[in-house]
Every structure is written in C-alpha cells, then in structure tokens.
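Asks: Test case, fold it:
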Amino acid sequence: MNIKRLISLMLVALLALTACQAPGGKPDAVAASKIDSDANAALQNLYATTPTARTLAGRAKAILVFPGVVKAGFIGGAQYGKGALIRNGRIAGYYNIVAGSYGLQAGAQTFDYAMFFMSDSALKYLDSSAGFEVGVGPSVVVVDAGIAKSLTTTTAKDDVYAFIFGQKGLMAGLGLQGSKITRVNP
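Replies: Presented below is the predicted three-dimensional model:
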C-alpha cells in the first residue's frame, strides 16, 4: 500500500471518529456527570497504584483524565475516549481523544489515560489549539513503571506527563499512531 493511500485511510478513520463527537450544542448534564465521576474514579485509582502521580498532581496546573478509552484494531486501528480537565480540583472542561494507527497490530482493549500539564504554556496550548496533537507542541513524557520510580518534583522538568493505566483486554502490535485531543460539550 503506498503512503498516500495509507494517509488517506487514516484521515478518513479519524474524521469518522471525530464526527461522532463534534463540539457544539447544549451540554448533556447526565453525560457530563458520568464523565465527571468516571474521571475522578480513574484519577483516584492512579493515585492508589502510582504514588508519583499524586506527587505530580500537587505541582500540575491541570490534569486531563480520559477514563475507559477504547482501542481496537487489526492492521488498521482506532481509539476513542471522552475525558475531563481538572483544574484546582474542579472540572474545567470536557475533551475527546481520537487516534488512528496502521501497522502490525490486532486486538481490543480499554484503558485509562491521564495527562498532567506542568506548565502554563502547555495548558495554554491545549486551550488555544484547534486540537492538541500528541507529538506536536509541548513535550509529552509517557511515564512507565521505571520512570515513575525515579521521578520526583525536582526531576520533573517536562511540559506534560502522561500515565496509561487500568488496561483491560488484549492489544498487541507495532504501528504508527497519532492522537488528537479536542474540546467538546458532552
């Protein structure tokens, strides 16, 4: 498959997923309430299993939490989830995450995802961009178990720290992936 065709296929998949949650309209209080409770529960689960996350939370400008992100694929894949931005202990907005991937992959899984925004400039980029694209803009460090053990408030110097946790299901493979985070009204 040539590169133009691959890119076209990925764009069509991303557009289809994005259209499922286009911003606008009046927020649905029930949907927002569900996102609120799921995001807070996921964040408490992260704190219970990864003490470093609680330490980072004390210095973070805001935390964007996506509970129950769904990812599935067979050669081509996609993921989608809704989340909440928590600033000063309160919900400050709602976002979705959409991603497409292509490569050697198969399976399906759900997981929780939290991004700790450590700088005003990173948070401003999220607020001002037409969609925060992971890999473009502020630097994002994905925190795994090894990094979490050595990360302290003194060594935390990057713009955004991301934790992926609570995985359920099986997803295996290698591939190219791009994620886009967009503000929405649930």
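
Asks: From now on I want contacts and neighbour counts done on CA atoms only, so please keep to that.
Replies: OK.

Asks: Give the pairing partners of whichever strand or helix holds residue 111; include direction for each.
Replies: Using DSSP states H and E, residue 111 sits within strand 90-117. In the sheet, strand 90-117 lines up against strand 62-87 (antiparallel), strand 160-184 (antiparallel) (DSSP bridges).

Asks: which secondary element of the protein has the worst mean pLDDT?
Replies: Across the helices and strands of the chain, mean confidence by mean pLDDT, DSSP states H and E is lowest for helix 145-150: a mean of 44.

Asks: what stretches of the protein score poorly on pLDDT?
Replies: For the chain, the stretches flagged by pLDDT under 70 are 1-29, 130-158, 173-177.

Asks: The top helix by length along it - contacts with which helices or strands?
Replies: As assigned by DSSP state H, the longest helix anywhere in the chain is helix 29-49. In this structure, helix 29-49 makes packing contacts with helix 51-59, strand 62-87, strand 90-117, judged by 3 or more CA pairs under 8 Å, 6 or more residues apart in numbering; DSSP states H and E.

Asks: out of those, deepest packed?
Replies: Mean neighbours per residue, mean count of other CA atoms under 10 Å, is largest over the helices and strands packed on helix 29-49 for strand 62-87, with a mean of 23.

Asks: Just the angle for that strand relative to helix 51-59, thanks.
Replies: Angle between the axes of strand 62-87 and helix 51-59 is 50 degrees (criterion: axes from the mean of the first three to the mean of the last three CA atoms, to 10 degrees).

Asks: Bridged to the closest residue to residue 69 other than its chain neighbours, which residues?
Replies: Distance criterion CA to CA, 6 or more residues apart in numbering; nearest residue to residue 69, sequence neighbours excluded, is residue 81 at 4.3 Å. Note on residue 81: beta-bridge partners residue 97, judged by DSSP bridges.

Asks: show me the contacts for residue 81.
Replies: 66, 67, 68, 69, 70, 96, 97, 98 (CA atoms under 8 Å, 6 or more residues apart in numbering).

Asks: and the residues you listed as a markdown table, adding distance to residue 90?
Replies: A markdown table is the format used below for these (distance: CA to CA, whole Å):
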| residue | distance to residue 90 |
| --- | --- |
| 66 | 15 |
| 67 | 16 |
| 68 | 20 |
| 69 | 21 |
| 70 | 25 |
| 96 | 18 |
| 97 | 20 |
| 98 | 24 |
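
Asks: Which of those residues sits closest to residue 34?
Replies: residue 67 (10.4 Å; CA to CA).
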